[in-house]
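In: kindly return the folded structure for what I paste below:
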Amino acid sequence: MLRTIDASVLELVARRLKAMGDASRLSVLRSLCDGELSVTELVGETGLAQANVSKHLRVLRDEGLVSSRRDRRNVRYRLRSTLPEDICDMICATMERKTSAGRARPGRTAKRAHSRNGG
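Out: Numbering: from 1, shown residues only. Have a look, this model is predicted:
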């Protein structure tokens, strides 16, 4: 049986997942999986514009996914925990398995979708 989770906890989870639900923010998070980076370094890693990286970092920081520290003239960003990396790894692995299973048996995915829709 599933345990009951308080509505306030579910709201926090939803906000964190929403913050991660943007491809550009996922790119920023993935870059930070290897360690601390400055905005300039993140621009180089992600290919995003500096203003966009700063905007995405603000969202991620506000939701508690990244933290920052001043290092002389730069601000360095890092993941606050491995949670974003773990979630992304889990979802990516699932998607890769589904994609490779679909390539291995091309008719099977279409057949499943057809049977689910009552056909």
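
In: packing partners of the host helix or strand of R15?
Out: Here R15 is covered by helix 7-20, with elements defined by DSSP states H and E. Judged by 3 or more C-beta pairs under 8 Å, 6 or more residues apart in numbering; DSSP states H and E, the packing partners of helix 7-20 are helix 23-32, helix 50-62, helix 83-104. Yep, even glycine has a C-beta here, placed from its N, CA and C like the rest.

In: tell me if S68 really is in a strand.
Out: Yes. Note on S68: a strand contains this position according to DSSP: H, G, I helix; E, B strand; the rest coil.

In: let me see the contact set for it.
Out: S68 makes contacts with 57, 61, 75-78, as judged by C-beta atoms under 8 Å, 6 or more residues apart in numbering.

In: the nearest residue to S27 once chain neighbours are set aside: neighbour count?
Out: Excluding its sequence neighbours, the residue lying closest to S27 (C-beta to C-beta, 6 or more residues apart in numbering) is T46, at 4.5 Å. The criterion is other C-beta atoms under 10 Å. On that basis, T46 has 19 neighbouring residues.

In: correct me if wrong: T46 contacts L29.
Out: No. In this structure T46 lies outside contact range of L29 using C-beta atoms under 8 Å: 10.0 Å.
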